[in-house]
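# The sequence and its predicted three-dimensional model are supplied below.
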Amino acid sequence: MTNDRHIKTAVVTGAAGFIGRYLLVELTREGTHVCALVRNPVARLPELRAWVDAHGGNGSRLAAADFDLEAADLGLTPDGEAWLDRADAVFHLAARFEFGLSAEAARVANVDASLRLVERVARSPRLERLVYLSGYRTEGGPARALDVDDPAALRRFYRDHGAYEASKMEAHQRVARRAEELGVPLTRVSPAVVIGHSQTGETTQFIGLVGPCASCTRVACPPSRETPARGCRWSPWTWWRPSWPVCPPTRARSASTWWSSTSARPRCPTW
């Protein structure tokens, strides 16, 4: 990460997530003083500092303060408010994601909270840039066609796309509109699906199929003609042979989990 202009002070929401952690590393490595806005900051700060140090950053430049996506005031304490007042840059990465998330809960955490943060940083006297981490399909055709001011269209959109994805697409539009109204300098980042470090494969997020995949690498299955014991990892989905080998990362691709229902021996794609 390189800056045309050095960021002296930054605030990062969602700092304990995968992208957030690596952002802390890059910022503190460059000499930026950073406040991580997280829940339970007193308990989480020592672990975050140690992680940042272990990955090449400077944990001594990291502080933490309270933040809550679901609180009307974002859970900000006087310490967090003070950091926002002196921040050159604010990175808003925090979002709520979970399976079975309701539309109401998604909108509160991912839409309403993002708008409240835009309104708060509009009062920050030193702010030069708000960077908002959006969603991976927020620039696609369906998202561009969405009229966020049409309640019926929004209800259909949430029904068709799911609460998390729809809330990120709605927020993508509303955050840009509110930032323009308030004169907040905004950069929106729409990432692809992030599964791990591009070279090491390391990740800090374990959701969805990751649990079963991890089990596959720990439990050996009985030998069979299709899957010799020397190369097999057991999976509850026994019709998959082999089941979920982890492909080593290369400079061209991230570490990824891949499986085949036809190949008798584990192999990784070559793209």
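Alright, I've got the coordinates.
# where are the low-confidence patches of this structure?
1-5, 198, 201, 204-271 (pLDDT under 70).
# how about the helices in it?
18-29, 41-54, 78-86, 103-106, 113-121, 141-145, 151-161, 163-182, 210-218 (DSSP state H).
# could those be laid out in CSV, adding distance to residue 60 and mean neighbour count?
Just so you know, the C-beta spots here come from the backbone N, C-alpha and C atoms, and that holds for glycine as well. Output for these, formatted as CSV (distance: least, CB to CB, whole Å; neighbours: other CB atoms under 10 Å):
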stretch, distance to residue 60, mean neighbour count
helix 18-29, 8, 21
helix 41-54, 7, 16
helix 78-86, 16, 17
helix 103-106, 37, 18
helix 113-121, 26, 21
helix 141-145, 41, 13
helix 151-161, 43, 14
helix 163-182, 32, 21
helix 210-218, 32, 14
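# want to try CSV for these, with distance to residue 67 as columns?
CSV is the format used below for the helices of the chain (distance: least, CB to CB, whole Å):
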stretch, distance to residue 67
helix 18-29, 12
helix 41-54, 8
helix 78-86, 7
helix 103-106, 17
helix 113-121, 9
helix 141-145, 26
helix 151-161, 25
helix 163-182, 17
helix 210-218, 25
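# Any idea which of the ones you listed gets closest to residue 131?
Minimum separation from residue 131 across the helices of the chain (CB to CB) falls at helix 18-29, 9.2 Å.
# Residues contacting the closest one, please?
The contact list for helix 18-29 (CB atoms under 8 Å, 6 or more residues apart in numbering) reads 1, 7, 10, 12-15, 34, 36, 48, 51-52, 55-59, 61-62, 91, 93-94, 133, 191, 194, 196-197, 203-205.
# that older thread, out of the helices of the chain, which comes closest to residue 68?
helix 113-121 (8.4 Å).
# That closest one packs against which elements?
strand 89-92, strand 129-133, helix 163-182 (3 or more CB pairs under 8 Å, 6 or more residues apart in numbering; DSSP states H and E).
# can you list those in CSV and add distance to residue 82?
Below are these laid out as CSV (distance: least, CB to CB, whole Å):
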stretch, distance to residue 82
strand 89-92, 13
strand 129-133, 18
helix 163-182, 21
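# Out of these, flag the one nearest residue 78.
When the helices and strands packed on helix 113-121 are ranked by proximity to residue 78 (CB to CB), strand 89-92 comes first, at 17.2 Å.
# Which strands border the closest one, and is each parallel or antiparallel?
If you go by DSSP bridges, strand 89-92 pairs up with strand 9-13 (parallel), strand 129-133 (parallel).
# highest average neighbour count across those?
strand 9-13 (a mean of 25; mean count of other CB atoms under 10 Å).
# neighbouring contacts of it?
Counting by CB under 8 Å, 6+ apart, residues outside strand 9-13 touching it are 20, 23-24, 27, 32-38, 67, 80, 83-84, 86-94, 117, 126.
# and the direction of that strand versus that of helix 113-121, what angle?
160 degrees (axes from the mean of the first three to the mean of the last three CA atoms, to 10 degrees).
# and the gap between the nearest residue to residue 64 once chain neighbours are set aside and residue 176?
Leaving aside its sequence neighbours, residue 64 sits nearest to residue 41 (CB to CB, 6 or more residues apart in numbering; 3.6 Å). Noted for residue 41: a distance of 29 Å to residue 176, by CB to CB, to the nearest Å.
# got it, and residue 99?
28 Å.
# Equivalent analysis for residue 128, please.
On the measure of CB to CB, residue 128 and residue 176 end up 18 Å apart.
# Residue 90 too?
With CB to CB as the criterion, residue 90 and residue 176 are 15 Å apart.
# And residue 70, by the same measure?
Taking CB to CB, one finds residue 70 at 23 Å from residue 176.
# and what of residue 72?
Taking CB to CB, one finds residue 72 at 23 Å from residue 176.
# Also residue 163?
21 Å.
# now do residue 155
22 Å.
# repeat for residue 183
13 Å.
# Then residue 133?
13 Å.
# Thank you, goodbye.
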